[in-house]
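*Asks:* no sequence on hand, only this structure:
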């Protein structure tokens, strides 16, 4: 094998995921920017959806895609709250289409481009479930699926961001280079992936708590401390979310501990894991405060937003350590 071929091989001797794009030009040059914009706008969709949920504006527009039969909603706060969520989805759609176009210019028909296609498919499915949520008048099952697909889209876009420059060609690639030669890299990657799956399940249980009306079924913390009565089913749903949060906390502690024990040449992976763990404390505090003190709507919205940020940070961590390192 000649020197040129050897220089193009990724660490570990495996074929690269995509063609070398160290200096992309034309449409490909804009791919990293659209990746970030799509990811940020996806978080914006989640936040707008949270505002709709907290304010009880889910049926502010009882029809779809119009609102009360018109393109422009009537002068009603709930109608405009729901409509703002739809506008945020429209903005995400624009960024995702441009992400697909620039991604094709950058990667052509590679496995990396398949991830971009997945993000577009998730966007379409999420929009369809959003329409179904309105048409079924907020059916809990349909609404839960809508939330799950939305968070899967956020995770997919975060994974795409973790593989774009300058993130990928800078800090993340140095981490992958070091992990490729570390004896405990496999155990660490598995721990991070398990944390990601558990965090996703935690988000779904939180959504189910709200959709089922179990948000205040338990008025104590960390135990329920509410007499068992007619609301036993709602109490079980509420406590399921807390148990899931406890499991995620243990998995996060293990992941952070393994991160610090890796002793990699770069400390930035430790910073990323530590930021992720610190972020986790915020939704826990807001969730406990809402139960104990019945905080106002902004606290419930903050709980949702920070939980979404935690999920995004976990995906960034997993995307950083699971991708292959380029030489």
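*Replies:* All right, it came through fine. Owing to the predicted nature of the structure, the values given are computational and were not obtained by experimental measurement.
*Asks:* for the nearest residue to residue 206 once chain neighbours are set aside, give me its contacts.
*Replies:* The shortest distance from residue 206 to any non-neighbouring residue, by CB to CB, 6 or more residues apart in numbering, is to residue 241 (5.5 Å). Heads up, the C-betas are built off the backbone N, CA and C, glycines and all. For residue 241, the contacting residues are 202, 205, 206, 208, 209, by CB atoms under 8 Å, 6 or more residues apart in numbering.
*Asks:* now the residue lying closest to residue 218 once chain neighbours are set aside. Its backbone dihedrals?
*Replies:* Nearest non-adjacent residue to residue 218, counting by CB to CB, 6+ apart: residue 224, 3.8 Å away. When read as degrees, to the nearest 10, the backbone of residue 224 gives phi -70, psi -50.
*Asks:* doesn't residue 236 make contact with residue 224?
*Replies:* No: taking CB atoms under 8 Å as the definition, residue 224 is not a contact partner of residue 236, at 9.3 Å.
*Asks:* between the two, point out the one with more neighbours.
*Replies:* Between residue 224 and residue 236, counted using other CB atoms under 10 Å, residue 224 has the larger neighbour count: 17 against 14.
*Asks:* residue 125: neighbour count?
*Replies:* 16.
*Asks:* pretty sure it belongs to a helix, no?
*Replies:* Yes: counting by DSSP: H, G, I helix; E, B strand; the rest coil, residue 125 is part of a helix.
*Asks:* wait, doesn't it sit right on residue 149?
*Replies:* Yes: Residue 125 lies in contact with residue 149 (CB under 8 Å); the separation is 5.5 Å.
*Asks:* any stretches of the protein with poor pLDDT?
*Replies:* By pLDDT under 70, the low-scoring segments of the chain are 1-25, 137-138, 165-170, 228-230, 265-266, 324-327.
*Asks:* all helices for it, in order.
*Replies:* For the chain, the helices defined by DSSP state H cover 3-8, 31-54, 77-107, 111-135, 140-162, 173-179, 185-211, 232-262, 268-293, 297-322.
*Asks:* tell me which of those lies nearest to residue 61.
*Replies:* helix 77-107 (4.6 Å; CB to CB).
*Asks:* domain-wise, how is the protein divided?
*Replies:* 27-164, 168-327 (automatic domain parsing).
*Asks:* check contacts around residue 202.
*Replies:* Contact partners of residue 202, counting by CB under 8 Å, 6+ apart, are 241, 244, 245, 247, 248, 307.
*Asks:* do you know how far the residue nearest to residue 206 is from residue 304?
*Replies:* Per CB to CB, to the nearest Å, residue 241 is found 13 Å from residue 304.
*Asks:* spatially nearest residue to residue 322, not counting backbone neighbours?
*Replies:* Using CB to CB, 6+ apart, the closest residue to residue 322 is residue 189 (5.8 Å).
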